[in-house]
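Trainee: Predicted model and sequence follow; I will ask about them next.
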Amino acid sequence: MTTDALDCSVTELLERYRDGTTTPEAVIQQVYYRLATDDSNAWITVRDKAAVMADVDSVMSEPMEDKPLYGVPFAVKDNIDYHGLPTSAGCPAYTYTPEASAPVVEKLVDAGALLIGKTNMDQFATGLVGTRSPYGVCENVFNSDYISGGSSSGSAVAVARGHVPFALGTDTAGSGRVPAALNGLVGLKPTRGVLSNSGVVPGCTSLSCIAVLARRLEDAILVEEVGAGYDPTDQYSRPSAGLFDSTQPKLESVVVGVPTAGDLTFYGNDEARKQFEAVVSGLEDSFGSVRRIDFSIFEEASDLLYNGPWVAERLTTVGSFIKEHPDDIDLTVRGIIRDGEMYSASDVFDAFHRLERLRKDAADVFESIDALLVPTVGTIYTIEGEQLHPLEINSEIGYYTNFVNLLDLSAVSVPTGAYAAGPTFSVSVIGEAFDDVRIAPIAEELHEREVSA
Amino acid sequence: MQIHDLLTQYRTGRQTPEETVEAAYDRIHSADTNAWITLRPKAAVMDDVDSLGAQAEHPLYGVPFAVKDNIDFAGVPTTAGCPGYSYDPSTSATVVSKLVDAGALLIGKTNMDQFASGLVGTRSPYGACRNVHNGDYISGGSSSGSAVAVARNHVAFALGTDTAGSGRVPAALNGLVGLKPSRGALSTAGVVPACRSLDCISVFTHSCKEAALVTEVASGYDPDDPYSRPDRTLDRSGDGRRSPELGSLTVGKPDADGLEFFGDAEAKALFSAAVDAVGSRFGVVSPVDFELFDETASLLYDGPWVAERLSAIREFVHENGEEVHPVVREILSRGEHYSAVETFEALHELARLKRRCERLFGDDGIDVMVTPTVGTAYTRAEIHDRPIERNSRLGYYTDYVNLLDLSAISVPAGQFADGPRFGLTVLGEAGEDRRIVAVGREIRAALDR
């Protein structure tokens, strides 16, 4: 029985089940063995091993061919419902216990996946840092001085530490991509609406996506495909309409868009700049051509999200809770969300009009490129440093991620290198809506697997 | 004045565009209608006639038309019904350019409820418009002048705008066809916005066939309008005469709980007769739960979209409040009271309502729906007594259409004893413009039998 079953990918684990190298029962034993000594703050709720073993029994009673995620342990961020387990959204006073699982979670479980528990997060998905939680701060798995990133901090740490081979997070402004990027993982933000948001406590209802964090891109796409499906109970659900049957371009014909040097910022971190330049300089070896594009459209959209009225959308989810329990909320989170109250209806309509223009402009950019390539995060931050300038740093972290959902794009972050200090450097490959599978080979080509823990 | 008649007359040499223009101006000057804000000098139109190319290349060769005064025509002021707001556009609205390029002759800019805020035709410093069949009654609005100009044969067709019914209500009351194409099918570049995310240019004609022709010429993706939808443009079928094969369709109507005539038994009877005609052609007309539409309508008139209206002209209203019509100003001021949170809540609610609507029109549901265009007709005195409440009532069957992203056409379907006409609206999903026009045409034929 190998002891590193959990350090492999989903695909590899399924292979080991198929060839009898290991069994789901053995793997679960390993999961709980690791959890027993875990002090990472990655988890908020862990299910009883006995409950999971009972799930193992029922999964193993069915043939593997019928279960694309047969026996694969996973975690979900604690703003996604699992029946019978509390959902906290990172806030003890907010906690409720849902009777039903989120439809996406149900699909994964029906496919044979084994839910281990609920992971830590920036409270109410408000943050890209992993430090805004009463359940403890998450640390970067390569260097505990550095932030894990967030808000899907626990999901990233749980996968990176080998507790589970994949986890679900959520991503409104980068919350699935950022923690994946810093911890050596693939972070897939599917097209909006492809994964149902029923049973999810969203950041911004109209923008939030369930995200998939895994070691390999093929794992993430597999999970997305299993979880996808139009859900009439989610008003923003969209049919995936051939997404999973997309033809993929030949790499030698791919045009990769990269922001002009003047648009790129690394906040003074030369190491980051070199990491990205290394990726860019190799692009023409792997792909057809590189096209420098004007990033200002995307920057404007990021700014629209960060400095615009969408923070008021968060109040539609947690506004009444904040009114009734003002002291039960993380102070930074409360301050941010309450800012939503200062925006008017006119501000929202003005912003939407601006956004409509930006969407058209972005579509024009994508006429001439197959995908946009950016760093996922421009630099890295120590936990100590982040605490000194929380709002400013959070804004910096979102520079390359904020615009994606607003412009209705798909994105996947893959690690390409590592900083000397330990955390990984990652790039995001961004495509238009429903391009998730189409752009996957581009990201796959760039993915540097050696950096994974 | 009918487009196809004119085109035939020109082709056979029985009439010239000059003669048409002369006759139009004679008619315009023969009565005081308040339909026009700016009439172009006849000489300017005659110059346009001189530079018309060959008829064969111009599908609207020599056809006089008007546009509502919130739509730009180069060289003529745009007022949006407010003298203080007036500006001189250097370029025409995209749609207007297309029509002119097709040979149509712009006669002038028509009167309207100020800032397109109203369904009545009485909210204008340029004077109120009257119903052409009985002057005691409202013309309806906000595209009041456009409707009157077509109904009185000043022009063969006119453009209006339609956010909450402004293209359908005055068509219905004056006995015209009023087509509100799918959102994004006609470019709104060069239009003073009301609710930017909902506004449509509308088309007034005497017949469905003419509406189809004008809309086809006017449609087309416009990169200058972020709301322009390339997937919504009508395909050019060349002569605009071909109608899609209709076959059998499932037609719905509001259920008994949803039907509202505000105590007007005559309107109720007129609708009933119209539904019988629909049934004779399309089979059973099924009642559908109207609650979805009712809830959507109240999101519009009792919700944050008034803030979208305000945001379009906020600066002007703040600096020149006294130049704004008092009723319009009162309505717009409500926009200040809505918060961003309320707006997002309304948007989420709208998304839910849209899903319900999609299911209604889904594979197992209806193909089109028929409703009255307005539940009752008001006199000008009645509107004067209760301007806001009765204006609201005029929107009962129109308010929800753009919010739910549907296409709509109002066709003449009878008349009140007092004179004003009764309109029937055919609703379809977005992109079904050709179908609803064809359905409208068949319903009129069935009513004529």
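Mentor: Arrived safely, thanks for sending.
Trainee: Not including adjacent chain positions, what is the nearest residue to the one residue sitting closest to the centre of chain A?
Mentor: Closest residue to the average C-alpha location of chain A: A:Gly176 at 1.6 Å, with CA atoms, centre = their mean. Leaving aside its sequence neighbours, A:Gly176 sits nearest to A:Ala211 (CB to CB, 6 or more residues apart in numbering or on different chains; 2.4 Å). To be clear about C-beta, it is placed using only N, CA and C from the backbone, and glycine gets the same treatment.
Trainee: Equivalent analysis for A:Phe276, please.
Mentor: A:Pro375 is the one closest to A:Phe276 (CB to CB, 6+ apart), at 5.0 Å.
Trainee: Same question for A:Gly84.
Mentor: Among residues not flanking A:Gly84 along the chain, A:Thr97 sits closest, at 6.8 Å (CB to CB, 6+ apart).
Trainee: A:His83 versus that neighbour, what's the distance?
Mentor: Between A:Thr97 and A:His83 the computed distance is 9 Å (CB to CB, to the nearest Å).
Trainee: Show me which of the two is the more surrounded one.
Mentor: For A:Thr97 versus A:His83, neighbours defined as other CB atoms under 10 Å in any protein chain shown are more numerous around A:His83 (15 against 11).
Trainee: any idea how far A:Ser155 is from the residue nearest to A:Gly84?
Mentor: For A:Thr97 relative to A:Ser155 (CB to CB), the value is 20 Å.
Trainee: can you check B:Lys253 too?
Mentor: 51 Å.
Trainee: For B:Thr161, give me its contacts.
Mentor: Under the criterion of CB atoms under 8 Å, 6 or more residues apart in numbering or on different chains, the contact list for B:Thr161 reads B:68, B:70-71, B:116, B:142-143, B:167, B:191, B:194, B:199-202.
Trainee: and it, what pLDDT?
Mentor: B:Thr161 is assigned 98 on the pLDDT scale.
Trainee: so it, which of the three states?
Mentor: Classification of B:Thr161 by DSSP: H, G, I helix; E, B strand; the rest coil places it in strand.
Trainee: same thing with A:Gly112?
Mentor: coil.
Trainee: by contact count, what packs against the longest helix along chain A?
Mentor: In chain A, with assignment by DSSP state H, the single longest helix is helix A:345-367. Where contact means 3 or more CB pairs under 8 Å, 6 or more residues apart in numbering or on different chains; DSSP states H and E, helix A:345-367 is packed against helix A:296-306, strand A:424-432, helix B:305-319, helix B:340-360.
Trainee: Mind putting the contacts of B:Thr161 into CSV with neighbour count?
Mentor: Output for the contacts of B:Thr161, formatted as CSV (neighbours: other CB atoms under 10 Å in any protein chain shown):
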residue, neighbour count
B:Lys68, 34
B:Asn70, 31
B:Ile71, 28
B:Ala116, 31
B:Ser142, 35
B:Ser143, 40
B:Gly167, 33
B:Val191, 27
B:Ala194, 24
B:Asp199, 25
B:Cys200, 26
B:Ile201, 30
B:Ser202, 31
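Trainee: Report how many residues lie close to B:Glu19.
Mentor: 13.
Trainee: Quick check, A:Ile380 in contact with A:Ala420.
Mentor: No - applying CB atoms under 8 Å as the test, A:Ile380 and A:Ala420 come out as separate, 10.4 Å apart.
Trainee: who's more crowded, the two?
Mentor: Per other CB under 10 Å, whichever of A:Ile380 and A:Ala420 has more neighbours is A:Ile380, with 26 against 7.
Trainee: Name the residue in B:Lys253 and A:Ser155 with the higher neighbour count.
Mentor: A:Ser155 (40 against 23).
Trainee: Look up the closest residue to the more buried one, ignoring the ones flanking it.
Mentor: A:Ala167 (3.7 Å).
Trainee: Pull the number of nearby residues for residue 175.
Mentor: I'll assume chain A. So A:Ser175, with other CB under 10 Å, has 36 neighbours.
Trainee: wait, chain B
Mentor: When neighbours are counted by other CB under 10 Å, B:Gly175 comes out with 23.
Trainee: again, but for B:Asp47
Mentor: Number of residues near B:Asp47 (other CB under 10 Å) recorded here: 11.
Trainee: residues touching it, list them.
Mentor: So B:Asp47 contacts nothing (CB under 8 Å, 6+ apart).
Trainee: tell me which parts of the stretch 1-150 of chain A are close to chain B?
Mentor: Contacts of the stretch 1-150 of chain A with chain B, taken as CB under 8 Å from any CB of the partner chain, are absent.
Trainee: can you map out the helices along the stretch 1-150 of chain A?
Mentor: Secondary structure of the stretch 1-150 of chain A (DSSP state H, counting those that start in this stretch): helices at A:10-18, A:24-36, A:49-60, A:103-110.
Trainee: returning to what we had before: now tell me what touches the longest helix of chain A from outside.
Mentor: Contacts of helix A:345-367 (CB under 8 Å, 6+ apart): A:257, A:293-294, A:297-298, A:300-301, A:304, A:308-310, A:312, A:372, A:406-409, A:431-432, B:196-197, B:223, B:226-227, B:304, B:307-308, B:310-311, B:314, B:335-336, B:338-340, B:342-344.
Trainee: make it 7 Å
Mentor: The contact list for helix A:345-367 (CB atoms under 7 Å, 6 or more residues apart in numbering or on different chains) reads A:257, A:293, A:297-298, A:300-301, A:304, A:308-309, A:406-408, A:432, B:196-197, B:226-227, B:304, B:307-308, B:310-311, B:314, B:335, B:338-340, B:342-344.
Trainee: how close does B:Gly184 get to B:Leu198?
Mentor: With distances taken as CB to CB, B:Gly184 is found 11 Å from B:Leu198.
Trainee: Kindly report the same for A:Glu12.
Mentor: A:Glu12 sits 52 Å away from B:Leu198, going by CB to CB.
Trainee: just A:Glu299 next, same as before
Mentor: 29 Å.
Trainee: now A:Lys107
Mentor: In terms of CB to CB, A:Lys107 sits 36 Å off from B:Leu198.
Trainee: which residues of the stretch 301-450 of chain A fall in strands?
Mentor: For the stretch 301-450 of chain A, applying DSSP state E, counting those that start in this stretch gives strands covering A:371-375, A:409-418, A:424-432.
Trainee: For the chain, give me the ranges with low pLDDT.
Mentor: This is for chain A. Across chain A, residues meeting the criterion (pLDDT under 70) sit at A:1-5, A:449-453.
Trainee: could you do chain B instead?
Mentor: Applying pLDDT under 70 to chain B flags the ranges B:233-245.
Trainee: So for the residue nearest to the spatial centre of it, what's the nearest residue that isn't a sequence neighbour?
Mentor: By CA atoms, centre = their mean, chain B has its centre lying nearest to B:Gly167, at 1.6 Å. Leaving aside its sequence neighbours, B:Gly167 sits nearest to B:Ser202 (CB to CB, 6+ apart; 2.5 Å).
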